[in-house]
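Colleague: dropping the sequence and predicted coords here.
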Amino acid sequence: MNLLQTRPILTIERNLTDLIDRTFRKAARVATLDYKNELPNRVRQGFRSRTFALQLDKLITELILQSFSYADKQAKQLTAAAPELNPSYVLTEEAVRLSGELSKECAESVVRMLVEDAIYYESPRALANRITDLWGGEKYRAERFARTFTADVATASTVSRYRQLGIRYMEFNAEVDDKTTAQCRCLDGTIFDLEKGSVDAYRPPLHMHCRSGLIPITEDEYDKSREFENRDFSTTLDDPKEVDRAFKQIGKFNDNYRVSKLIIDKDLAARYMFEKGFSVSIETP
């Protein structure tokens, strides 16, 4: 089963959706009809607040712990050397600081998502009628952001854990059907060497609502021709030009929405502790 389909991750995703939904609804209570300027400013204030950062930090910590647990279980299928997981952790000042920075990125990503949905092209009167429903119904936008965010953090955390456990190779695994994007179809079956940096740029998610994942493989399953650095991607899609467009879309997604650059090794170490109640301090750069 894909990590992103497990019940704990889905629960975290729902909790994050609710947090984003509450924050946005509060931000949407604008005082004037100048939505084009006031709404993004209020969104930034709401998502950059310390309250949002602290709540987000708790969800990130739980997400990382669940990702580690999943990685350990998967690793044990490959090797008996994986240690048992002791799910105790602490929140350090560094972790909270990083979440504060992360909340700023969330704010910009939410604003960018609203702009891409073209809500600012409507007249103030039409927009005023839409504002109350903008995040309503199935909470489509909040769910889309939460699903992508949790996928990004969870996958980054599992890659970090596999590296800690000495697992070297992971394979890109896409759900191939009529909904599969060119990005995921192109990378399906690609093998990443965790000693190289390509996995950090081309691991899922590669777009909003990405369903792809990574699975660890043994060295016996390793195929050099399918390694990212060696693979001929021009043959993965019917049109070679579509391959170029797919990689450009991945680059655009990384620039606009990739948030896991803040999920770094020292932060993981601070969040995940092997002894209950053990506290550490980390020097900020």
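Modeller: That came in fine, so what should we check first? Numbering: from 1, shown residues only.
Colleague: would you map the helices across the chain?
Modeller: 7-27, 35-47, 50-78, 93-116, 124-131, 140-164, 182-187, 198-202, 240-257, 265-271 (DSSP state H).
Colleague: Tyr202 versus Leu237, what's the distance?
Modeller: 15 Å (C-beta to C-beta, to the nearest Å). Just so you know, the C-beta spots here come from the backbone N, C-alpha and C atoms, and that holds for glycine as well.
Colleague: for Asn230, which of the helices of the chain is the nearest?
Modeller: Counting by C-beta to C-beta, Asn230 lies closest to helix 198-202 out of the helices of the chain; the figure is 10.8 Å.
Colleague: how many neighbours does Asp21 have?
Modeller: Residues near Asp21, counting by other C-beta atoms under 10 Å, number 18.
Colleague: quick check: closest non-adjacent residue to it.
Modeller: Leaving aside its chain neighbours, Asp21 sits nearest to Ala142 (4.6 Å; criterion: C-beta to C-beta, 6 or more residues apart in numbering).
Colleague: next one: Gly213
Modeller: Nearest one to Gly213, counting by C-beta to C-beta, 6+ apart, is Asn2 at 4.1 Å.
Colleague: thinking Asn230 is in contact with Tyr222, fair?
Modeller: No. With contact defined as C-beta atoms under 8 Å, Asn230 does not count as touching Tyr222 (11.2 Å).
Colleague: neighbour count for those two, which is higher?
Modeller: Using other C-beta under 10 Å as the criterion, Asn230 and Tyr222 rank with Tyr222 on top: 14 against 11.
Colleague: surely that one meets Glu171?
Modeller: No. With contact defined as C-beta under 8 Å, Tyr222 does not count as touching Glu171 (9.2 Å).
Colleague: shared neighbours of the two, anything?
Modeller: Ile191 (C-beta atoms under 8 Å, 6 or more residues apart in numbering).
Colleague: low-confidence ranges, this protein, go.
Modeller: In the predicted model of the chain, residues 1, 33, 79-100, 114-115, 117-139, 259-285 satisfy pLDDT under 70.
Colleague: for Glu229, see how far away the residue positioned nearest the centre of it is.
Modeller: The centroid of the chain falls nearest to Asp152 when counting by C-alpha atoms, centre = their mean (1.8 Å). According to C-beta to C-beta, Asp152 and Glu229 sit 23 Å apart.
Colleague: and for Lys26?
Modeller: 47 Å.
Colleague: returning to that earlier point: surely the residue nearest to the centre of the chain and Phe253 touch.
Modeller: No. Using C-beta under 8 Å, Asp152 is not in contact with Phe253, being 10.0 Å away.
Colleague: list the residues that contact both of the two?
Modeller: The contact sets of Asp152 and Phe253 overlap at Pro205 (C-beta under 8 Å, 6+ apart).
Colleague: rewinding a little: so which of Lys26 and Glu229 has more stuff around it?
Modeller: Neighbour comparison, Lys26 and Glu229: the larger count goes to Lys26, with 14 against 10 (by other C-beta under 10 Å).
Colleague: my guess is Glu62 meets Ile9, correct?
Modeller: No. Using C-beta under 8 Å, Glu62 makes no contact with Ile9, being 9.7 Å away.
Colleague: neighbour count winner among those two?
Modeller: Taking other C-beta under 10 Å, Glu62 and Ile9 do not tie; Ile9 has more neighbours (22 against 18).
Colleague: which ones are touching the more buried one?
Modeller: Leu3, Leu63, Gln66, Ser67, Thr150, Ala154.
Colleague: for Arg141, see how far away Asn2 is.
Modeller: Distance, Asn2 to Arg141, by C-beta to C-beta: 23 Å.
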